[in-house]
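[1] heads up, no residue letters with this:
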């Protein structure tokens, strides 16, 4: 009898290979890097390019201080020249011109020193030092902004993860409810309408889950942008929302903000710098006393002959076409603008502190109410499911109870998110980021 070789159908091949293919795909897919909140902030401070801009501004301001301080120091320069002359020279009209060639060599040192300029250099140095201080404080503000953005993006991703988990649970509940409705229908305990409604509920739950997962992808990209790096698998977060009772009073928060906010201190430093520029501009009306000296070596051939001279000069501007008065007026206007900008910043800070403070207080109260709401929604769902299983409830009650539970959990997540975000904004408005 002829033996037939066993044949494998396409379905059999797929059953055998599909698990292996899925496992291989999971291994090759980059996994997200899990971060804590502090790790996210540290990475942002290390990699975000915005900080390089602020650091460059600090270095530029430091270089400006060096240039201003140079006005106190002497300047020394070296000059050297050589020339070759060849041609006809007439030494006496009675004699014909004579061809002659010679070299001319010259070198020398020149020293200049301002002895006294009635505070002009000092005011310029003071102004640039205040601008350097402002740039340093701007760098501190930039670090705060980067830290805040990273924390906020972290909270956004954490909220999206939790909302996705709620929607996944809603899908599981809807799936279980559909299976139960089909079972009751098969034995004649429930009508076909219950099965249809359970299928619609499952479809709605799946739509909400799709939206939640899309939002999770978006917030993940936003966290990457806030940190400044883009790993192949993206980021995932591991921390949970924390709630600590705020004991700080509003008056204390305002006082801390007005004292510690680096952008306010930067604005104050710019006011001081602008006033120093006013004094420096007005000092141009005053005389300058300076000393200078030169030592030169020159001649037609080596060795060269040397000579020196030294002197003191006093110069007083008498009339510069109103240029000095125009510079003074411009400097005074800049100083007024800097002061007005400082005053506006103070008002904005006070408003920011108050809004963030009351935002924290409101979120605290909403967290307590949302927690109670979740407890009640859980109890309502259990009761509705028991009544439906006993045949005394309807499918609509179960659907409403399940939807109420999902909404209550999302409301609790939103309250926790709002609390942490408001607390973050409060610390930002007080200038205490990193001091929590």
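    Nice, I can see it. As the structure is a prediction and not an experimental result, all values here were calculated from the model.
[2] so how far is the host helix or strand of residue 416 from its chain's centroid?
    Taking DSSP states H and E as the definition, residue 416 sits inside helix 395-430. With CA atoms, centre = their mean, to the nearest Å as the basis, helix 395-430 stands 27 Å off its chain's centre.
[3] Surely residue 420 and residue 241 touch.
    Yes - taking contacts as CB atoms under 8 Å, residue 420 lies within contact range of residue 241: 5.4 Å. Where C-beta positions appear, they are placed from N, C-alpha and C, glycine not excepted.
[4] Need phi/psi at residue 315.
    With angles defined as degrees, to the nearest 10, residue 315 sits at phi -120, psi 140.
[5] Could you verify my assumption that it touches residue 288?
    Yes - between residue 315 and residue 288 there is a contact under CB under 8 Å: 5.2 Å.
[6] Which one of the two is surrounded by more residues?
    residue 288 (18 against 9; other CB atoms under 10 Å).
[7] Now the more buried one: closest residue in space, sequence neighbours ignored.
    Of all residues not flanking residue 288 in the chain, residue 117 sits nearest, at 4.7 Å (CB to CB, 6 or more residues apart in numbering).
[8] Quick check on the one you found: phi, psi?
    According to degrees, to the nearest 10, residue 117 has phi -130, psi 20.
[9] ok, now how distant is it from residue 132?
    As for residue 117, its distance to residue 132 is 22 Å (criterion: CB to CB, to the nearest Å).
[10] per-residue confidence at the residue in the chain sticking out farthest from the centre?
    Going by CA atoms, centre = their mean, the residue of the chain most distant from its centre is residue 94, 86.6 Å out. Predicted confidence (pLDDT) for residue 94: 74.
[11] how about the top strand by length along the chain: buried residues?
    Secondary structure of the chain per DSSP state E: the longest strand is strand 98-116. Buried residues in strand 98-116, defined by neighbour count with 16 or more other CB atoms under 10 Å: 105, 108, 114.
[12] what pairs with that strand, and is each one parallel or antiparallel?
    When pairing is defined by DSSP bridges, strand 98-116 lines up against strand 75-89 (antiparallel), strand 288-299 (antiparallel).
[13] And the following helix or strand past that strand, what does it pack against?
    Per DSSP H and E, the first helix or strand lying C-terminal to strand 98-116 is helix 120-186. If contacts are counted by 3 or more CB pairs under 8 Å, 6 or more residues apart in numbering; DSSP states H and E, helix 120-186 sits against helix 37-47, helix 50-69, helix 192-227, strand 235-237, helix 262-282, helix 395-430.
[14] how far away is the most centrally placed residue in the chain from residue 46?
    Nearest to the mean C-alpha position of the chain, by CA atoms, centre = their mean, lies residue 146 at 2.8 Å. Look at residue 146 and residue 46: by CB to CB, they are 10 Å apart.
[15] Kindly report the same for residue 285.
    Counting by CB to CB - residue 285 and residue 46 are separated by 51 Å.
[16] For the two, indicate the residue with more neighbours.
    Neighbour count, other CB under 10 Å: between residue 285 and residue 46, residue 285 has more, with 15 against 12.
[17] so what's that one up against?
    317, 324 (CB atoms under 8 Å, 6 or more residues apart in numbering).
[18] residue contacts, residue 142?
    Per CB under 8 Å, 6+ apart, neighbours of residue 142: 50-51, 53-54.
[19] 7 Å instead, please
    Listed by CB atoms under 7 Å, 6 or more residues apart in numbering, the contact set of residue 142 reads 50-51, 54.
[20] mind checking how far it is from residue 54?
    4 Å.
[21] Ok, residue 391 next?
    69 Å.
[22] Those two: who's more crowded?
    Neighbours were counted for residue 391 and for residue 54 using other CB under 10 Å; residue 54 has more, 19 against 10.
[23] wait, the more buried one sits on residue 137?
    No - applying CB atoms under 7 Å as the test, residue 54 and residue 137 come out as separate, 10.1 Å apart.
[24] From residue 428, how far out is residue 96?
    Distance from residue 96 to residue 428, by CB to CB: 92 Å.
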